[in-house]
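Visitor: Sequence and computational prediction follow.
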Amino acid sequence: METKPWYMSKAIWAGIASIIILVYNALVTGLSSGCGAEEGICVNLPNIPDFVLGLLAALGIYGRGSATTKVT
């Protein structure tokens, strides 16, 4: 069976992107919670919409289903 490096896998990249977006949204929510208070950090960054995570999940499922080579 053919093999390929992990960084050429669509499913792995979809998973990595999902984790990055989840961490970003968690940090933005935590930093924005101090807004309006006298003390605290106030950063008004936009959250990434949840449907993006759904698209990444679909890409991961597609990548896994269409895989013809083994990841090494």
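Guide: Structure's in. What do you need? What you see is a predicted model, and the numbers here were worked out from it, not measured in a lab.
Visitor: At which residues are the helices of this structure located?
Guide: 10-32, 50-65 (DSSP state H).
Visitor: Residue 71 is nearest to which of those?
Guide: helix 10-32 (6.9 Å; CB to CB). C-beta: built from backbone N, CA, C; applies to glycine.
Visitor: Tell me which other helices or strands the closest one touches.
Guide: helix 50-65 (3 or more CB pairs under 8 Å, 6 or more residues apart in numbering; DSSP states H and E).
Visitor: Okay, buried residues for the helix it packs on please.
Guide: 53, 56, 59-60, 63 (16 or more other CB atoms under 10 Å).
Visitor: Same question for stretch 18-36.
Guide: Buried-residue list, stretch 18-36, by 16+ other CB under 10 Å: 18, 21, 25, 28, 32.
Visitor: Looking at those, which is nearest residue 5?
Guide: For the buried residues of stretch 18-36, the nearest to residue 5 is residue 18 (20.2 Å; CB to CB).
Visitor: List the contacts of the closest one.
Guide: Residue 18 makes contacts with 53, 56-57, 60, as judged by CB atoms under 8 Å, 6 or more residues apart in numbering.
Visitor: That's all I had, so thanks and see you.
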